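J.: quick check, what structure comes out for this input:
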Amino acid sequence: MSAFNLQSAVVPVSGGASGLGLAIVRRLRDEGATPLLLDNDERRLAAAGMDVFGPNDASCCTYVVDVRDSRAIDACFGQIAADHGPATHAVASAGTIGPANALNVTDEQWHRMIDVNLHGAMYFCRAQRDSVPSERRARS
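T.: Model (predicted):
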């Protein structure tokens, strides 16, 4: 039983091709929402879409996008709005980890983690907010 009515909800999920993001996509699907899988790995995204929706399900929607690129995220939400209308909800679940021992993390690894986990989440949430019509934003 769900505490929320997600029937007809359009829900982009970043990091939707694996891990927690994929689990969220499955649950959204079970609750009657239209989950949209967003990920930067095209192959993994296609496999996840096939796994969750099957080979002939037209409701399967995947978008290849890197959450570290704010313009790409904005464009992706524009495409989502064109394809489905504005997203009604959004789940920023893209993430990455580095070495278990923080003393061994390189600058490059650290910057990638910050770019995906922090900047990516902010870009994703901002793009979702900006995709919502202003009259609907004023009510929330």
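J.: those helices in the protein, which residues are they?
T.: Along the chain, the segments classed as helices by DSSP state H run 19-30, 42-53, 70-84, 107-114, 121-131, 134-139.
J.: could you dump those helices to CSV with mean neighbour count and distance to Ala92?
T.: Bear in mind the C-beta positions are built from the backbone N, C-alpha and C, glycine included. Converted to CSV, the helices of the chain look like this (neighbours: other C-beta atoms under 10 Å; distance: least, C-beta to C-beta, whole Å):
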stretch, mean neighbour count, distance to Ala92
helix 19-30, 17, 9
helix 42-53, 16, 16
helix 70-84, 16, 10
helix 107-114, 12, 15
helix 121-131, 18, 4
helix 134-139, 8, 18
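J.: just for the chain, where's the confidence low?
T.: Counting by pLDDT under 70, the chain shows low-confidence ranges at 1-3, 134-140.
J.: again, only using 50
T.: Counting by pLDDT under 50, the chain shows low-confidence ranges at 1.
J.: circling back: make a markdown table out of the helices of the chain and add distance to Val91.
T.: Output for the helices of the chain, formatted as a markdown table (distance: least, C-beta to C-beta, whole Å):
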| stretch | distance to Val91 |
| --- | --- |
| helix 19-30 | 5 |
| helix 42-53 | 14 |
| helix 70-84 | 13 |
| helix 107-114 | 19 |
| helix 121-131 | 9 |
| helix 134-139 | 19 |
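J.: among these, which comes closest to Ala90?
T.: Closest of the helices of the chain to Ala90 is helix 121-131, at 3.9 Å (criterion: C-beta to C-beta).
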